[in-house]
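In: after the sequence you'll find the predicted model.
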Amino acid sequence: MAEAPKPPAASRAGMKKELPERFRDYKDVWVFIEVERGRVHPVSWELMGEGRKLADKLGCQLAAVVIGPKAETTKRAIKQTYHYGADVCYIVEHAALTDYRNEPYTQVLTNLVDTHKPEILLLGATPLGRDLAGSVATTLQTGLTADATELAIDDDMCLGATRPTFGGTLLCTIYSLNHRPQMATVRPRVMAMPTPDPSLSGRMVWDSFKMKEADIITKVLEFVSDNTSKDANLAYADIVVAGGMGLRNEGNLRLVRNLAQVLGGEWGCSRPVVQKGWATADRQIGQTGNTIRPRLYIAAGISGAIQHRVGVEGADLIVAINTDPNARIFDFAHLGVVADALTLLPALTEAFARRLGARALAS
Amino acid sequence: MSDHFDAIVVGAGPSGNACAYVMAKAGLNVLQIDRGEYPGSKNVQGAILYADALERIIPDFRDDAPLERHVIEQRFWMLSEKSHTGAQYRSDEFNEERPNRYTILRAQFDKWFSRQVRAAGAVLITETTVKDLIKDDAGRVIGVITDREGGPIYANAVVLAEGVNGIVGQRAKLRPEIKANHVALAVKETLFLPEETVRERFNLAGEEDGVVIEVLGSVSSGMVGTGFLYTNKESISIGVGCLLSDFAETKIAPYALLDKFKQHPSVAPLLKGAEMKEYVAHLIPEGGYDAIPRLTGDGWLIVGDAGQFVNAVHREGSNLAMTSGRLAAETLIQLRAEGKPVTEATLKLYRDKLADSFVMKDLKKYRKVPRLLEGNRQFFTTYPAVVNKAMQMFLRVDGVDKASKEAAMMRGVAKARGGWWGVVTDIFKMARAWR
Amino acid sequence: MDEPIIEALEPPKPEPKGLNIVVCIKQVPDSAQIRVHPVTNTIMRQGVPTIINPYDLFALEEALRLRDQYDGQVTVLSMGPPMAEDALRRALGLGADRAVLITDRRFAGSDTLATSFALATALGKIAEERPIDIVFTGKQTIDGDTAQVGPGIARRMGLNQLTYVSAIDSLDLGQKAIVVRRRSEGGVQVLRSRLPCLITMLEDTNTIRRGSIQDLLRAARAPVAIWSAEDAGVADPMKCGLRGSPTVVKRVFAPSPRAEKAEMVTIEGKAPAQIGDALIDLLFARDPKLEAVMTAPRP
Ligand SMILES: Cc1cc2nc3c(=O)[nH]c(=O)nc-3n(C[C@H](O)[C@H](O)[C@H](O)COP(=O)(O)OP(=O)(O)OC[C@H]3O[C@@H](n4cnc5c(N)ncnc54)[C@H](O)[C@@H]3O)c2cc1C
Ligand SMILES: Cc1cc2nc3c(=O)[nH]c(=O)nc-3n(C[C@H](O)[C@H](O)[C@H](O)COP(=O)(O)OP(=O)(O)OC[C@H]3O[C@@H](n4cnc5c(N)ncnc54)[C@H](O)[C@@H]3O)c2cc1C
Ligand SMILES: Nc1ncnc2c1ncn2[C@@H]1O[C@H](COP(=O)(O)O)[C@@H](O)[C@H]1O
């Protein structure tokens, strides 16, 4: 169990000292549930799925942390945490926590940790999660692994968080020695989305929030929502068609959009396309854009640079269209066609339209 | 400090760096301008560094210059579609204390050289392109204009070290536009291979031993050109270069040519598993002595590739560049010491120094080679093919007697050139050009 | 060449006014050019050029704009090996006023906690001379890629933390008030906060300027202040470098290559339409459920 002092692993006997006394009673796996404007970020549920596995391996509880206003949306989020496997939910509700702000959120989460002492604390690697995790880890003076893509409990019951470095060229596994909690942020769409079980429920633990609104320096003046029609739901789409510099000009992106449209999917692009101003940043796929995990990914005129690759590798089926038979994309695509995307994309769109249309009529 | 300099050096390749270094060391107030993100960022070479030229500028350069391997073995290959016939020379004597030839990566080497230049006291500005020269009413060059705000900058002398296709000299009408048959277009790839693999594949015992392969024949697909393969520490440089005019005429895509070379059965096993790091294309001045432009004028002088100082036959360029850069610097230092202005007349000193050095002597010696090769493509097509065929015939044991084989081989060679007369003429032409 | 070289950081001659801004920049290997040794799984750094972390350029440009508008000065600060001086000099050429490099063997092996400690300490030193109004960092680095150093500095220095900022709407020096736009999920938060603050700047929010010839000449000749750990004011070296880092990298390895390469669809002699059909057959053969996904009713 977690409270037993852990034997030092032989492999890093030199690095590892005994876990200091004050950390020995830290246990349980925590997942910070990211609720913004009433909506839970799906990465939180992905983390609950992963957290469950870690907690089972450690033989401890899985806890969710929900911070927000006293509102229906917060209540709903709390309820959902159990469906996604929480044994317990730590809750702090206060009007000052309506919108995310670093200062109050940091204080709330730090206090919760100090009071309830989790062994592991996970957050989504979103703008909110990264903003918060950095502050909390610094306040607690503990280790934080950013942007993990894999989590595992090793033989001596420590958390090993694996993440890409050097632009995805390498992976490394990082441990937080001698400090608790062990913290990590995890990329959206890297972990599988678990299936909720509405029959589950668990314990609630409320904590209070002592700051007054007047004490909080930063104020939210306004929230400007992205135009929802433009709001690419790229990360969560089942089918994604993307274009790269091989398309040659902005106009030809149309071919990508058309195919996506016929397939009922989303469209995206490589980074240079965004840099050229042909598409907005939310359409970018890859290390510094969206990670996607669709059933089908069609890449047209994309060379397959490592930074692009790391964003699409989770796709079940990758199809690449490229004029260069040696393009790196063929190293990780499942199906490849050496062809001019400018002629093949319209043909493919046509063929799909015919096929799918006919089927739709027949049924 | 005023923005008036003793000299402005345009370009931070080997010629510009050599020139700026020597001048700065002598206490001249030098500004060097390069358009690359850092010196060498876009510069291209095979690359073999010839130690001698650099040693005369920085005697202890071996201590910290980023050198890859020193060459202990040289191979010459005559390539046909499926074979190569080769000669090779390897000597442990090349494992001397101060080796004579090294492979280098230009991006690193130029950066290192530039650091020495700055340490010597020259002011370097990068990511800045010199657009044009400023002349006074008398037509004398007095400074440069760049693509940045806040110019112009003035100097007593402007050294054009801008490389083969530099536009500054051309734009200022100091030198003519280069002709397509005076330059080769070279394409080159750097391919990553682990150090052990490089050493195993090239049979290298010493950690820093290296091999150089020069290639003639089918590698140029009938054009006037050659290929090369050099071993670096953790990579291989491979490239081919042919006359620009030939590329234009044949419409062969340069990268396709290189691809074909890489897939040649003699080459592919050497590259197996290598990962491409870089693909570049660059021009090489190959017009030789007769293509050299006017080198000096009032307030300006030309060094390096900009002056066509490349010995194409021996694949030497950077050493001519550094030597011409050094000689230019020594000239300007002397003129300043003597209180003389920098004019066409006083710069005769530079022209004399050049004429007296191997730079001009070698270029003169091979003066006729470029045109000879252009007019006699059999050196790149027929001969390598025939030689390879002959070798095969000779080595294949198939019941045919040796005398008949020898006769057939000789006939093959003769026939390829329309009779013995053609072969003899070729031999003479070559010999004369080399003399 | 006869001007004295100024060794230490000297306060600017006229009584300082306007904003005192520090931009943290990091020199990083150009990750696009990094390769992994197939046998030892180590990074083959050879020949890999170093650049200013691209995200930091957006922070620098934003800082320069504020300086141009409100007066003041921009200091660039970096922690790294001596070579990082090149990055700082380049930043000077882009228009920064002065540069500080903190470099010390004891900083080696720092994780984000130790990095933010060292940088915050050096920032404290810089602030002794005159309080800092804004610290800028990039959104993240392309090598570390954590986006943690900014928040770490803010926390340690008690600065108001404004991350993922896409624009600075207004700044009132007298009131010490600042209004920024912060990218968040599904939209942009407009935040009003107070100086001193730490801003991590989002990418593609501005275009880095080209310095003038004078900037470049100044940069080429300017001194870069080089500070050791002591110079920077580090009292407890245990908080630096490897020792001050709670995280430990235990294993570094290359992503496992996919076993087989793509199955190539041959197209020779086929019309595009035929290829399209062939491709669809292959797709549906590989994932029979795809068709249902494609024909599912759209929202
Ligand atoms: C720190 C950092 C982060 C990065 N993050 C990302 C990221 O998140 N996402 C990302 O995508 N990139 C990212 N990059 C950039 C990445 O390194 C590559 O430069 C980029 O992915 C290349 O885009 P591309 O394949 O569209 O363009 P190119 O590399 O130019 O490739 C174009 C491809 O199209 C092919 N082609 C040309 N014509 C045709 C045609 N008619 N039909 C079919 N094919 C054709 C070519 O053969 C070529 O393979 C990042 C880089 C860095 C340094
Ligand atoms: C494929 C290839 C293989 C070669 N192999 C060898 C070899 O093995 N050994 C050898 O000795 N030589 C070799 N050479 C030749 C050698 O590279 C050149 O002779 C040498 O680089 C010439 O040096 P340089 O300084 O004159 O010009 P460059 O090296 O071309 O430098 C010119 C510099 O000027 C800068 N510049 C140009 N215009 C401007 C402007 N307007 N404003 C500011 N800056 C400007 C450029 O950025 C560049 O840094 C090879 C060349 C090639 C292309
Ligand atoms: N060694 C360093 N020196 C200066 N600034 C740094 C350093 N490391 C990180 N930073 C700053 O912190 C930001 C985030 O870095 P990171 O947390 O590594 O992604 C970078 O964009 C830089 O502005």
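Out: Cool, got the structure. Numbering: from 1, shown residues only, chains lettered A, B, ... in the order given. Ligands and ions are numbered 1, 2, ... in the order given.
In: quick one, strands of the stretch 151-300 of chain B?
Out: Secondary structure of the stretch 151-300 of chain B (DSSP state E, counting those that start in this stretch): strands located at B:153-160, B:183-192, B:209-217, B:225-231, B:235-243, B:275-285, B:296-297, B:300-302.
In: most tightly packed of those?
Out: Of all the strands of the stretch 151-300 of chain B, strand B:300-302 carries the top mean neighbour count, a mean of 28, counting by mean count of other Cβ atoms under 10 Å in any protein chain shown. From N, CA and C alone the C-beta is placed, and that goes for glycine too.
In: bridging residues for the closest residue to A:Trp206 other than its chain neighbours?
Out: Nearest residue to A:Trp206 in three dimensions, chain neighbours excluded: A:Ile91, at 5.2 Å (Cβ to Cβ, 6 or more residues apart in numbering or on different chains). For A:Ile91, the beta-bridge partners are A:Val66, A:Trp206 (DSSP bridges).
In: contact partners for A:Ile91?
Out: Contact analysis of A:Ile91 by Cβ atoms under 8 Å, 6 or more residues apart in numbering or on different chains lists A:65-67, A:74, A:78, A:204-207.
In: just to revisit the earlier point, could you dump the strands of the stretch 151-300 of chain B into CSV with distance to C:Lys250 and mean pLDDT added?
Out: Putting the strands of the stretch 151-300 of chain B into CSV (distance: least, Cβ to Cβ, whole Å; pLDDT from 0 to 100) gives the following:
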stretch, distance to C:Lys250, mean pLDDT
strand B:153-160, 54, 97
strand B:183-192, 26, 92
strand B:209-217, 37, 93
strand B:225-231, 35, 94
strand B:235-243, 30, 94
strand B:275-285, 27, 86
strand B:296-297, 64, 96
strand B:300-302, 58, 96
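In: and these: which comes nearest chain A?
Out: strand B:275-285 (8.5 Å; Cβ to the nearest Cβ).
In: still on that earlier bit, now the strands of the stretch 151-300 of chain B as a markdown table including distance to chain A?
Out: Converted to a markdown table, the strands of the stretch 151-300 of chain B look like this (distance: least, Cβ to the nearest Cβ, whole Å):
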| stretch | distance to chain A |
| --- | --- |
| strand B:153-160 | 33 |
| strand B:183-192 | 12 |
| strand B:209-217 | 22 |
| strand B:225-231 | 19 |
| strand B:235-243 | 15 |
| strand B:275-285 | 9 |
| strand B:296-297 | 43 |
| strand B:300-302 | 38 |
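In: quick check: which of these is nearest to ligand 3?
Out: strand B:275-285 (25.4 Å; Cβ to the nearest ligand atom).
In: check whether the closest one comes near ligand 1.
Out: No - if you take Cβ under 6 Å from any ligand atom as the test, strand B:275-285 misses ligand 1, and the best it gets is 11.7 Å.
In: which helix of chain B spans the most residues?
Out: For chain B, the longest helix by residue count, based on DSSP state H, is helix B:318-337.
In: so which elements touch that helix?
Out: strand B:4-10, helix B:14-25, strand B:48-50, helix B:51-55, strand B:153-160, helix B:348-356, helix B:358-365 (3 or more Cβ pairs under 8 Å, 6 or more residues apart in numbering or on different chains; DSSP states H and E).
In: mean confidence score for the third one?
Out: What it means is strand B:48-50. Strand B:48-50 shows a mean pLDDT of 94.
In: same check, this time on stretch A:183-190
Out: 92.
In: CA-only coordinates of it in CSV, if you can.
Out: Extracted in CSV, the C-alpha atoms of stretch A:183-190 (Å, rounded to 0.1, in the frame of the first residue of the first chain):
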residue,chain,number,x,y,z
MET,A,183,2.3,15.7,-10.9
ALA,A,184,1.7,15.4,-14.7
THR,A,185,-0.3,17.1,-17.3
VAL,A,186,-1.5,14.9,-20.1
ARG,A,187,-2.3,15.7,-23.7
PRO,A,188,-5.9,15.6,-24.8
ARG,A,189,-6.8,12.8,-27.1
VAL,A,190,-3.8,10.6,-26.2
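In: are we agreed that A:Arg180 is in a helix?
Out: No - applying DSSP: H, G, I helix; E, B strand; the rest coil, one finds A:Arg180 to be coil, outside a helix.
In: that one against A:Phe23, yeah?
Out: Yes - in this structure, A:Arg180 is within contact of A:Phe23 by Cβ atoms under 8 Å, at 4.0 Å.
In: next one: the residue sitting furthest away from the middle of chain C from ligand 1, what distance?
Out: In chain C, C:Gly269 marks the outermost C-alpha relative to the chain mean, sitting 50.3 Å out by Cα atoms, centre = their mean. Distance of C:Gly269 to ligand 1, given as Cβ to the nearest ligand atom, to the nearest Å: 19 Å.
In: and that residue, what's its pLDDT?
Out: 77.
In: from B:Gly36, how far out is the nearest residue to B:Lys188 once chain neighbours are set aside?
Out: By the measure of Cβ to Cβ, 6+ apart, the closest residue to B:Lys188 outside its immediate chain neighbours is B:Gly239, 3.2 Å from it. Separation of B:Gly239 from B:Gly36 (Cβ to Cβ, to the nearest Å) stands at 20 Å.
In: that's a strand at A:Leu132, yeah?
Out: No - checked against three-state DSSP, A:Leu132 lies outside a strand; its state is helix.
In: quick check, the residue in the stretch 1-150 of chain A closest to ligand 1?
Out: For the stretch 1-150 of chain A, Cβ to the nearest ligand atom, closest residue to ligand 1: A:Asp147, 12.6 Å.
In: still on that earlier bit, what about A:Arg180 and A:Phe23, which has more around it?
Out: A:Arg180 (25 against 15; other Cβ atoms under 10 Å in any protein chain shown).
In: where are the low-confidence patches of chain A?
Out: A:1-17, A:167, A:227-232, A:358-363 (pLDDT under 70).
In: quick revisit: what bridges to the residue nearest to B:Lys188?
Out: Beta-bridge partners, per DSSP bridges, of B:Gly239: B:Lys188, B:Phe228.
In: give the contact list for it.
Out: Applying Cβ under 8 Å, 6+ apart, the residues near B:Gly239 are B:46, B:186-189, B:227-228, B:258.
In: which pair of these spans the longest distance?
Out: B:Gly46 and B:Leu258 (13.3 Å; Cβ to Cβ).
In: overlap in contacts, these two.
Out: In contact with both B:Gly46 and B:Leu258: B:188, B:239, using Cβ under 8 Å, 6+ apart.
In: roughly how far is the longest strand anywhere in chain B from the heart of the chain?
Out: Identified as the longest strand of chain B according to DSSP state E is strand B:67-79. Centre-to-centre, strand B:67-79 and its host chain are 15 Å apart (Cα atoms, centre = their mean, to the nearest Å).
In: dihedrals phi and psi, the spatially most central residue of chain B?
Out: Centroid-nearest residue in chain B: B:Gly317, 3.6 Å away (criterion: Cα atoms, centre = their mean). The phi and psi values for B:Gly317, taken as degrees, to the nearest 10, are phi -150, psi -50.
In: how far away is it from ligand 2?
Out: When B:Gly317 is compared with ligand 2 (using Cβ to the nearest ligand atom), they lie 2 Å apart.
In: you'd agree that residue is up against B:Asn43?
Out: No - applying Cβ under 8 Å as the test, B:Gly317 and B:Asn43 come out as separate, 11.4 Å apart.
In: right, I'll call it a day here.
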